[in-house]
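[1] Give me the fold of what follows.
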Amino acid sequence: MAEIKSEDLKMGPLELFIRASNGSTFKIYIAKKGDEVPSSFGDPEYVDEDFQEWQLTNMRAINSRINEDFGVTIKEVSDPSKAFLFVYSKNSDEWSVNSDKPPESYLTDGPVYNAFNLVMGHNEMFRVDGDRTQRAKTGDELTQEDKDDWTKVYLHEMGHALGLEHPWDKADGDWATDNSNEISPTDSVMEYSARDSAGNIYKWYSEVDVKALEEIWGKSGEIPPILSLTPYVKLADRDSGNNPRAEVFLAEGDTTSVSINLSYAEIEENLDKRDENNNSIYRLAEGTGKFTVQHPDIGEDIYIGFSEIIFTDRTVTINVPDSAAEYPNDNGEITTGLKTGAYLKYTLSKTEDSTKNTLKAHSETSLSGTLNFNSGDNIIILDGQGKNYRGLSGDDTYFVSQLLPNSTKVSITDTEGTNTIQIPTNTYVDKTLFTKNAARLTLQDGREITINSADKFSYNVGGNVTDGTKGTDLTFTEFAATFGVDDVLNSSGAQTGIFADLYII
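    Here you go, the predicted model:
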């Protein structure tokens, strides 16, 4: 039996991409009795019991340690409609992370809310006399082993929420065991066993689990690799091996049709079939500009932007929007457009680019006072010739760099025109601070730049207007996300950037 490797535990690009939609902040709502469980169809379901205090304490302790060890911040929110994950207690033998929405409906820009429900069940031993109709046992009536066993399940389900799969899940083409009954010699929380090979109930993720989570989210303070994922692959990249895996293909250029060496009728006739773990293995689903086909030989494929899906016995014609901006959101409304890139548009670097120059201070001291510029389109280089830089109605570019003297504090104010903050290659950013309409950047050796009305500026990183280097253009929201501050425009206060001590390259 194969040993479990980190690749066997990581979900495929599509599932990970969905989990990155809120950036490095993972919003959860811990439900209370009477809350409505998010669902897109069927009769409403309501939470029938609260978590007990011992459960909440253990759950939050796990969440806190995840925050400490990995590059993700689990944040409890009070509004369930703003949560990625809805966590609730249930008087049943159900423990799962699930969604009743097809994943392709999430391939639109912006955060994803109410994506998944995390169900934490309770078997009969948690009720008085083992009777589900009786009251729940209190923490004092349960053994420590009972509590630890239940808590291990939460650890397992949070693993799913963060992008880990069972070692027997085959959808992404890698697995270590063929089914849930096979126990690998490698310890993993993502198996069903409550205990490791030494007989101890899991209190934390195993070595291979930690490795997989670090490959998804990075270590604490690192930029999560998951934020640089895109769900799409090219048709030419299809796996030619025997291992089926979930893929999402995006039409490019003149490639508007795709041929599939499968019978449509065969799939249609087998839609009710399941594998040994009761997972669906056949599927056909059509939406605006999207088509999903699942078959045991190929896994699950999603085709986006293809006008024709050609089976061996049938051609399916798809209504494709004229542009990516016209794709519908989850409610069928044209509001956001198709997501075509990674969630993090720009990634900072741990090291300088040795092929590029690094700017140094133009002078040793800064002058006081305010520099007022005219209404033309000015290139304004912050070099310490004033403490306050003010622009007028022109479209101005503010060149922010290490040309400033050490320990200098300056501010930028410009509420007219279309203005840009440009930060060149090899600028070291020590720390950042953001509100919904302001930003403060601290560069190397205490250079501090405060940008007033920061939400009105665009940001160019890695560019240099003086030598024609283009750089990457970002919105204020994208710029804040680069430093780990997500959804900055809805921020209720000041937030310090999570990613610090890094370079613009």
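
[2] Kindly list the longest strand within this structure.
    strand 427-434 (DSSP state E).

[3] Show me where the stretch 51-200 of the chain has its strands.
    For the stretch 51-200 of the chain, the strands defined by DSSP state E, counting those that start in this stretch occupy 73-76, 85-90, 95-98, 116-121.

[4] Tell me which of the ones you listed sits most buried.
    Scoring the strands of the stretch 51-200 of the chain by mean neighbour count under mean count of other Cβ atoms under 10 Å gives strand 85-90 as the most buried, with a mean of 24. Placement of C-beta: from N, CA and C, glycine included.

[5] Sheet partners, orientation included, of that strand?
    Here strand 85-90 has these sheet partners by DSSP bridges: strand 25-30 (parallel), strand 116-121 (parallel).

[6] So for the last one, mean pLDDT?
    For strand 116-121, the per-residue pLDDT values average out at 96.

[7] Just the CA atoms of that strand, as CSV, please.
    Provided in CSV are the C-alpha atoms of strand 116-121 (Å, rounded to 0.1, in the frame of the first residue of the first chain):
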residue,chain,number,x,y,z
PHE,A,116,-19.7,25.4,1.7
ASN,A,117,-21.4,24.0,4.8
LEU,A,118,-19.4,22.2,7.5
VAL,A,119,-21.7,19.8,9.3
MET,A,120,-20.5,18.5,12.7
GLY,A,121,-22.7,15.6,13.7
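
[8] Tell me the strands beside whatever helix or strand comes next after the longest strand of the chain, with direction?
    Next helix or strand after strand 427-434 toward the C-terminus (DSSP states H and E): strand 438-443. Paired strands of strand 438-443, with direction, are strand 427-434 (antiparallel), strand 448-452 (antiparallel) (DSSP bridges).

[9] Run me through the strand neighbours of the helix or strand of the chain with the lowest mean pLDDT, direction for each.
    Ranking every helix and strand in the chain by mean pLDDT, DSSP states H and E puts strand 232-233 at the bottom, with a mean of 86. With DSSP bridges as the test, strand 232-233 is paired with strand 247-250 (parallel).

[10] what about residue 25, distance to residue 343?
    12 Å (Cβ to Cβ, to the nearest Å).

[11] ok, now residue 145?
    Note on residue 145: its distance to residue 343, by Cβ to Cβ, is 41 Å.

[12] again with residue 154
    Separation of residue 154 from residue 343 (Cβ to Cβ): 26 Å.

[13] Between the two, point out the one with more neighbours.
    Of the pair residue 154 and residue 343, residue 343 is the one with more neighbours under other Cβ atoms under 10 Å, namely 25 against 19.

[14] The more buried one touches residue 19, doesn't it?
    No: using Cβ atoms under 8 Å as the test, residue 343 is too far from residue 19 to be in contact (9.8 Å).

[15] low-scoring pLDDT stretches of this structure, where are they?
    1, 40, 102-104, 239-244, 330 (pLDDT under 70).

[16] In the record's domain split, what are the boundaries for the protein?
    6-223, 232-326, 370-504 (automatic domain parsing).

[17] between those, which one is nearest to residue 360?
    domain 370-504 (6.0 Å; Cβ to Cβ).

[18] Now do the end-to-end distance for the closest one.
    End-to-end span of domain 370-504 (Cα to Cα, to the nearest Å): 28 Å.

[19] Same check on stretch 332-340?
    18 Å.

[20] if we can go back for a sec, just put the strands paired with strand 85-90 in a markdown table and tack on distance to residue 329.
    Below are these laid out as a markdown table (distance: least, Cβ to Cβ, whole Å):
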| stretch | distance to residue 329 |
| --- | --- |
| strand 25-30 | 19 |
| strand 116-121 | 18 |
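
[21] quick one: which of those strands is nearest residue 469?
    strand 25-30 (31.9 Å).

[22] Touching, residue 440 and residue 430? I think so.
    No: Residue 440 sits out of contact with residue 430 when judged by Cβ under 8 Å, with a separation of 11.1 Å.

[23] which of those two has more neighbours?
    Legend: neighbour count by other Cβ under 10 Å for residue 440 and residue 430, higher for residue 440 (19 against 15).

[24] Distance of the nearest residue in space to residue 96 that is not next to it in sequence relative to residue 85?
    Excluding its sequence neighbours, the residue lying closest to residue 96 (Cβ to Cβ, 6 or more residues apart in numbering) is residue 119, at 5.1 Å. Counting by Cβ to Cβ, the gap from residue 119 to residue 85 is 11 Å.

[25] shared neighbours of the two, anything?
    By Cβ atoms under 8 Å, 6 or more residues apart in numbering, residue 119 and residue 85 have these common neighbours: residue 97.

[26] Counting neighbours, what do you get for residue 424?
    Residues contacting residue 424 under the criterion other Cβ under 10 Å number 26.
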